[in-house]
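J.: predicted model, plus sequence, below.
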Amino acid sequence: MAVEVGDVAPDFELKDQHGTPVKLSDFRGRKNVVVVFYPLAFSGVCSGELCAIRDELPTLDAAVTGGGNEDTDEVQVLAVSVDSTFVLRAWSDQEKYQFPLLSDFWPHGGTAQAYGVFDADRGVATRGTFIIDTEGVVRWKVVNAIPDAR
């Protein structure tokens with residue numbers, strides 16, 4: 001079942017590219033969260049998308065919060081794929097991502113499944129983006145097919 005706008009976002013705890021556990025609910029009451037699901041690290045479209053997020057992060061806060069503030073202290077990006085933490089670390093180091101890349105490796109795609117963005121035939125997430133407010137409620141979402149960039 002897909003997560004819809006107005007739903008409470010399913011909580012998850014996944015390891016980032018450094019092996020540190022990151023829990024969605026830890027941001028409640030503190031930050032808005034942009035959860036970005038993508039198929040695979042090192043692929044052309046995914047690299048382009050995450051590099052764009054990296055480069056535009058200073059303006060993301062204003063877009064998510066509706067303010068003119070370009071301080072990213074109010075928004076946390078969490079990028080999620082089925083890649084292992086080792087792959088995510090290599091990709092993060094190469095591209096200099098400053099946000100967590102989370103491994104949905106095991107159970108395979110479990111978090112993507114909870115959000116309704118797992119392509120079981122391919123074994124990867126589709127391109128789902130969810131904006132979650134400080135209360136843990138999904139306020140915006142868009143899901144693109146695997147070959148279609150956001």
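T.: Perfect, thanks for sending it.

J.: how close does Thr59 sit to Ala52?
T.: 11 Å (CB to CB, to the nearest Å). Placement of C-beta: from N, CA and C, glycine included.

J.: now swap in Arg89 and tell me
T.: Arg89 is 21 Å from Ala52, by CB to CB.

J.: Ile132 too?
T.: Distance of Ile132 to Ala52, given as CB to CB: 20 Å.

J.: quick one: which of the two has more around it?
T.: Ile132 (26 against 12; other CB atoms under 10 Å).

J.: does that one touch Lys31 like I think?
T.: No - with contact defined as CB atoms under 8 Å, Ile132 and Lys31 do not form a contacting pair (9.3 Å).

J.: confirm that Arg54 sits in a helix.
T.: Yes - the assignment for Arg54 (DSSP: H, G, I helix; E, B strand; the rest coil) places it in a helix.

J.: count the neighbours of the closest residue to it other than its chain neighbours for me.
T.: Once flanking residues are discounted, Arg54 sits nearest to Tyr97: 5.5 Å by CB to CB, 6 or more residues apart in numbering. As a burial measure, Tyr97 scores 19 neighbours (other CB under 10 Å).

J.: and Arg28, by the same measure?
T.: Arg28 has 17 nearby residues by other CB under 10 Å.

J.: what residues are up against it?
T.: Arg28 is in contact with Thr134, Glu135, Gly136, counting by CB atoms under 8 Å, 6 or more residues apart in numbering.

J.: same thing but at 6 Å, please
T.: By CB atoms under 6 Å, 6 or more residues apart in numbering, the residues touching Arg28 are Gly136.

J.: per-residue pLDDT, it?
T.: Note on Arg28: pLDDT of 97.

J.: go on, the one 3 residues further on?
T.: Predicted confidence (pLDDT) at Lys31: the value is 96.

J.: got the buried residues for stretch 4-15?
T.: Residues of stretch 4-15 classed as buried by neighbour count (16 or more other CB atoms under 10 Å): Asp7, Ala9, Pro10, Phe12, Leu14, Lys15.

J.: good, wrapping up.
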